[in-house]
Every structure is written in C-alpha cells, then in structure tokens.
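> next come a sequence and a model predicted from it.
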Amino acid sequence: MEYDPLDPRVARNPYPFYEALRREAPVHRTPRGFAAVSRYGDVLDVLRHPGTFSSSAMGDVINGLKSMAHAEEGGETLLGTDPPVHTRLRKIVNRAFRPGRIAALEPRIRALAAELVDAFEGRHECDLVADLAVPFPVMVIAEILGFDPARRNDFKRWTEEQIAATAGPPTPEFRAALARSGAERLTYLEDLIAERSHHPRSDVLSELLQAERDEEVMTEGEVGNFIVLLLVTGNETTTNLIGNAVLALLEDPEMLAAVAAEPALVPAVIEETLRHDSPVQLTLRRATEDAELSGEKIHCGELLAVLIGSANRDERHFPHADRFDRLRPRRDHLAFGFGTHFCLGAHLARLEARVALETLLSRVRHFEILAEAERMPSLLTRGPRSLRLGLR
C-alpha cells in the first residue's frame, strides 16, 4: 500500500487511495507512525467507544499547534478530552448552541449572505471561496461570539494558519508567522474575555463567562480554547462544505438546473456533499487498551487516523458510494462524527450552507468554472482554496 495523508496526490484526490485501503488493508500502518482505519464499520466502532479509543490524540495535536504558535491559552479543550472532562465542558457549551437558538439566527444569517452575494452584481467572475465561502462563516461566528466584525480578516488568517500547520513540517518562516499570529490571537482573546467579564452582552462569549461565575464549570482558559476551536473548526468546516457543494453542482449541470429551479432540494445536496466529499477527512484517536478492527490487532497506546472521508465512501454501507446521489435514502454519514464528539456546530454548518446555496442560486443564473479548483493542503480537512467562476 502507498498511503500517506501528506502526499500531494492524496490531497488532490484521496478517494482512490481510500478505496484501495478498504479493499486491501482496512487497518494500514503508515510511514507517519499511525494506523489508518478506513471502513465504515471500523470507523463507527472507534467513534462510539471513547473509553477504548481516546480523543487525547487530538489534544496532542492542539497542544502542538499552540506550542508552535506560542499561544498557551491554558485549560482543557473540548476536542481533545474524554469523559468526564469532556462531559463537563460539553454540558455548558451545548446550552450556548441549542438548535433553537441557531435556528433563530436564520434571518441575520440570510442578511449576511445577501450582503456578500449582492457584491457580485455587475461582475463577470468571482472567486467563490474568497468572496463567499470564506467570509460568510467568519462573519456569522464573529456575530455569535460578539467579536468586532472589522477583525474578520484576522480571524480567517488565524484559522488558515492553524489548518496549514497540519499539512506537514513547517518552515522556519511559517513558524515565525504562526508565532506572530498566536501572540495576536492570545492578546485579542485575553482583552475580549476581560471586557466581557466586566460588561457582559447578549452573545455566546458572555454566556460562557457567566456560566463560569454561576456554576464554576469552565475556566477562562477553557473558554479561550473553545473560542479558538469555534474559529478554526467552525469556519473551516462550513467554508469547505459550501465549496464542495458548489463543485458537485457544477459537475452535474442537470442537477444544478433542478436545484436552482427548486430550492427545496438544497438540503439534500448538502447532506450528500457531507457524505460524498466530507469537509473533515479524518480525526485522530489513541488506543487505551488492546483491541481489534477488521481482524487486525490494535495495540494499547497506538495512534489511529480515523478516515471519515473513506468511511463515507464505503461501498459496503453506501451502494454506489462514489456516485453523488442527492436522492440517496441513507443519511447516516459520519461527516460530523458520532457519539460523544458529534460536532457541536452541525446545526449551524447545515444552516449556513443551505442559506449560502439558496442565496447564490437565487441571484446567479449561470456559472462556469474558469480554472481548476485549487485544494487546500491539509491533513485533516478537504475543500477548495480557490474556485474561480464565470457569472451571469
């Protein structure tokens, strides 16, 4: 087997590699020092058993990124902890991201999408990523958290640098840039947390800090870690989902025409995009005891790359898995994870993607790709870095 998640060929198109893994080596020891788990049943088994497969592996990645950036917010992280610590953190942040609260944001989210798409008026082309898919979720998260919208370019730069740091060993120049951004981010968050602690508003950050005073369930460092998590995973997931969905529509003109004529089809397109071209391709776990997957022994302490993107293309679970089928009856994809670590922002990501596509398709009557989409180099995520479109 030749599978290395940092190989540029994998970044361009991982799916042939995933197919070979599922067929020949469903648990494959890679040259990077971890075992790649590729079949749907095995991936689900890992995600649903946090006691055996610990998220501390993601905590190690997060701590490594923070160390490179010299941004030690302190405290535990939601993404890198297991119960009972994860249970304590999730309890409070769940209240801040209740589905009803997210649904109530739709009018404002629509207004932000319209503002961005209105800027296309009179133009003959755009970069869908730079002009819509990137700024839109940044603007939404900034409003939810109560951030200064004028800093949104900084938020996105901090996010992109964190994602790029997972693409391979960084150069000295990139390390220096990451350290500068980490210092900026830490200063901004410390000042903002101090201000909201004394002058709370009706935003998520104020609610989290109020919970700390009332219930003593989150420290300021943990609140800071959660904000960084939202900035990185919240923005990047939605950006990739929007970009991947538009690419799927452009590759099938008949489907594009049907969805443009009937906006009620948009949610089905989004769900199939999540399965067919998952915005998050893998997550990491560490075995806390000996186990077995697909007849292969997993050793206690072994690091696992859990290939969500491969599981969602597993022909054992999804018939004709490589085909994009918006009418596919199964909706049990793993794009947002499963169980304890099911994505907190799943409702928000779905809402943002739906609003973005509905707004775009209602204003623009014809699209064409002007240049091949550039893919973001990343170990963890998949989406276009640039997507130049002709418009009418």
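Nice, thanks for sending it over. Numbers count the residues shown, from 1 in each chain.

> which helix is the longest one in this structure?
helix 172-198 (DSSP state H).

> next, count neighbours for residue 55.
Using other CB atoms under 10 Å, the number of residues around residue 55 comes to 23. Using the backbone N, CA and C atoms, a C-beta is placed for each residue, glycine as well.

> what does residue 242 give?
Number of residues near residue 242 (other CB under 10 Å) recorded here: 31.

> determine the set of other helices and strands touching the longest helix of the chain.
helix 56-69, helix 152-164, helix 204-215, helix 220-229 (3 or more CB pairs under 8 Å, 6 or more residues apart in numbering; DSSP states H and E).

> deepest in the core, which of these is it.
helix 220-229 (a mean of 22; mean count of other CB atoms under 10 Å).

> next up, the contacts around the residue most central in space within the chain.
Central residue of the chain (CA atoms, centre = their mean): residue 237, 2.8 Å from the mean position. Residue 237 is in contact with 279, 280, 343, 345, 349, 381, counting by CB atoms under 8 Å, 6 or more residues apart in numbering.

> looking at the residues you listed, which are in helices?
Those of the contacts of residue 237 lying in helices (DSSP H): residue 349.

> nearest to residue 135, of the contacts of residue 237?
residue 349 (15.7 Å; CB to CB).

> tell me the contacts of that closest one?
Residue 349 is in contact with 234, 237, 238, 241, 336, 343, counting by CB under 8 Å, 6+ apart.

> my read: the first one touches residue 348, true?
If I follow you right, that is residue 234. Yes - at 7.0 Å, residue 234 counts as touching residue 348 under the criterion of CB atoms under 8 Å.

> related to what we said a few turns ago, switch the helices and strands packed on helix 172-198 over to TSV; also include mean pLDDT.
Converted to TSV, those look like this (pLDDT from 0 to 100):
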stretch	mean pLDDT
helix 56-69	73
helix 152-164	77
helix 204-215	71
helix 220-229	82
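
> out of those, flag the one nearest residue 316.
helix 56-69 (25.7 Å).

> how about low-confidence regions in the stretch 1-150 of the chain?
Residues of the stretch 1-150 of the chain meeting the criterion pLDDT under 70: 64-75.

> make it 80
1-2, 61-76, 95-96, 149 (pLDDT under 80).

> same question for the stretch 201-350 of the chain.
Applying pLDDT under 80 to the stretch 201-350 of the chain flags residues 210-221, 231-234.

> now do the helices in it.
Per DSSP state H, counting those that start in this stretch, the stretch 201-350 of the chain carries helices over the ranges 204-215, 220-229, 235-250, 253-261, 266-276, 308-311, 346-363.

> of all these, which one comes closest to residue 386?
The closest of the helices of the stretch 201-350 of the chain to residue 386 is helix 235-250. By CB to CB, the value is 9.3 Å.

> so which of the helices of the stretch 201-350 of the chain comes closest to residue 371?
The nearest among these, by CB to CB, is helix 235-250 at 12.4 Å.

> ranges for the strands of the stretch 251-392 of the chain?
Remark: strands assigned in the stretch 251-392 of the chain by DSSP state E, counting those that start in this stretch are 282-287, 291-293, 296-298, 303-307, 367-369, 374-375, 384-386, 388-391.

> a markdown table for those strands, including mean neighbour count?
Listed next are the strands of the stretch 251-392 of the chain as a markdown table, based on neighbours: other CB atoms under 10 Å:
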| stretch | mean neighbour count |
| --- | --- |
| strand 282-287 | 22 |
| strand 291-293 | 17 |
| strand 296-298 | 15 |
| strand 303-307 | 24 |
| strand 367-369 | 16 |
| strand 374-375 | 16 |
| strand 384-386 | 19 |
| strand 388-391 | 18 |
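
> for residue 32, find the nearest of these.
The nearest among the strands of the stretch 251-392 of the chain, by CB to CB, is strand 303-307 at 8.0 Å.

> and the closest one, what does it pack against?
Using 3+ CB pairs under 8 Å, 6+ apart, the elements in contact with strand 303-307 are strand 35-37, helix 40-47, strand 282-287.

> and these: which comes nearest residue 302?
Here strand 282-287 is closest among those (CB to CB), at 4.8 Å.

> picking up where we left off before, now flag whichever of the contacts of residue 237 is closest to residue 198.
Distances from residue 198 to the contacts of residue 237, taken by CB to CB, are shortest for residue 345, at 27.9 Å.

> and stretch 201-208, how far out from the chain's middle?
Its chain's C-alpha centre and that of stretch 201-208 lie 23 Å apart, by CA atoms, centre = their mean, to the nearest Å.

> going forward, count from 39.
Right, with 39 as the first residue, what we last looked at is stretch 239-246.

> which residues does it contact?
Contacts of stretch 239-246 (CB under 8 Å, 6+ apart): 130-131, 133-135, 182-184, 230-231, 234, 238, 256, 261, 264-265.

> thank you kindly, that will do.
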